[in-house]
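Engineer: Structure of the sequence below:
(one chain, ligands or ions: 1)
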Amino acid sequence: MGFSAQVRCNCYRDGKTKPFPMPELESHFLYSPCHPYWEMIGNEVAYELFENWFWHEVCEHSGMGHYQEISNWPEYRAFRQGLETTGWQHFPMLHRYLPETCDGSMPVDAVGKAIEELAHFREIAVFGTNFCLVDEETGNVVYQSNASQNSVIVWASNIGIEICLDNEGYFIIQRHVRRDSAAQQTDSSPHVFFRAKRFEQRLLQPELTESQLDGQVEYFNPDTEERFRCNIPVGGSPIYQRDEMKRYQQGIRFEHPRLLHVEERKIGAEQFNKVIQGLVAICEIAIAFGNPVCWC
Ligand SMILES: [Zn+2]
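Structural biologist: Next up is the predicted model:
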């Protein structure tokens, strides 16, 4: 079970619920909605009556409230870690009331501030940068590499060629493995075939390239007029083939963006969108009902 939250409705308090099915157990229910279960052990008829009332009949809110699944626990822990890395001092309400385990609650007078702090987290969180290879015609990111990690995006091990992204752009290199003596030597300075911050990809054999059959491509740098030919293209999204027979005959084919450039982009809180959206949703329901958020 993942990380969830619940806000109770006010229908019971306001006298809008259907009558409790077993008046003799109502005091237990008032103590805690879970408490009547202890009194029903061994009494299946009572158990079914209560379950049906609580989940289907009691009021317009199944289970007398709103239940929200927020995320799985690893996603939630990564989000907490993101808040901690950014600095808990920016998020005092979240620090005080977000749970470490599935218990506790956040009072209704804290949820408005919590929503503001979640928005602030989106604004200020930065977790390093990515180098992104962008299709200029669609704006789509075709490849990205984390600036603090390995910059290799394609590695053709059979011919020793690597394609990488860094702050100088897109580059194609070969790491030499020389066999000019009995011992095999690795050259530490790779040969650079091509480098460009923006470039054009020209398919010289489009039919072969689109069918992933080693068609030749030419990379062209418009700033230096440098060119390089090889059979390693930059592949984009799969091409949707409406004709079922052609799809079967041709297999999966890929788009090959023509104009590309490299840009550095911040890694922000967008990776935590699911958790943030779930928390905002349950906080807004807490405000609407005027009741606390209970973690579960
Ligand atoms: Zn209700």
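Engineer: Would you map the helices across the stretch 151-296 of the chain?
Structural biologist: 206-210, 244-250, 273-289 (DSSP state H, counting those that start in this stretch).
Engineer: Dump the second one to PDB, keeping only the CA atoms.
Structural biologist: It refers to helix 244-250. Extracted C-alpha coordinates of helix 244-250, given in PDB (Å, rounded to 0.1, in the frame of the first residue of the first chain):
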ATOM      1  CA  GLU A 244      -1.700  -2.400 -40.400                       C
ATOM      2  CA  MET A 245      -0.100  -4.400 -43.200                       C
ATOM      3  CA  LYS A 246       2.700  -1.800 -43.800                       C
ATOM      4  CA  ARG A 247       3.300  -1.700 -40.000                       C
ATOM      5  CA  TYR A 248       3.800  -5.500 -40.000                       C
ATOM      6  CA  GLN A 249       6.000  -5.400 -43.100                       C
ATOM      7  CA  GLN A 250       8.200  -2.400 -42.100                       C
END
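Engineer: still on that earlier bit, mind putting the helices of the stretch 151-296 of the chain into JSON lines with mean pLDDT?
Structural biologist: Below are these laid out as JSON lines (pLDDT from 0 to 100):
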{"stretch": "helix 206-210", "mean pLDDT": "88"}
{"stretch": "helix 244-250", "mean pLDDT": "73"}
{"stretch": "helix 273-289", "mean pLDDT": "97"}
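Engineer: got JSON lines for those, with mean neighbour count and distance to Asn72 too?
Structural biologist: Quick note: C-beta positions are derived from backbone N, CA and C, even for glycine. Shown next, in JSON lines, are the helices of the stretch 151-296 of the chain (neighbours: other C-beta atoms under 10 Å; distance: least, C-beta to C-beta, whole Å):
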{"stretch": "helix 206-210", "mean neighbour count": "17", "distance to Asn72": "38"}
{"stretch": "helix 244-250", "mean neighbour count": "10", "distance to Asn72": "35"}
{"stretch": "helix 273-289", "mean neighbour count": "18", "distance to Asn72": "9"}
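Engineer: The ion is nearest to which of the ones you listed?
Structural biologist: helix 273-289 (8.8 Å; C-beta to the ion).
Engineer: anything in that closest one near the ion?
Structural biologist: No - using C-beta under 5 Å from the ion, helix 273-289 never reaches the ion; the gap is at least 8.8 Å.
Engineer: what does that helix contact?
Structural biologist: For helix 273-289, the surrounding residues in contact (C-beta atoms under 8 Å, 6 or more residues apart in numbering) are 3, 5-10, 65-66, 68-71, 75-76, 79, 106, 108, 111-112, 114-115, 118, 121-122, 269, 292-293.
Engineer: what's the burial count for the nearest residue to Leu259 once chain neighbours are set aside?
Structural biologist: Leaving aside its sequence neighbours, Leu259 sits nearest to Glu136 (C-beta to C-beta, 6 or more residues apart in numbering; 4.0 Å). Burial of Glu136 is recorded as 13 neighbouring residues (other C-beta atoms under 10 Å).
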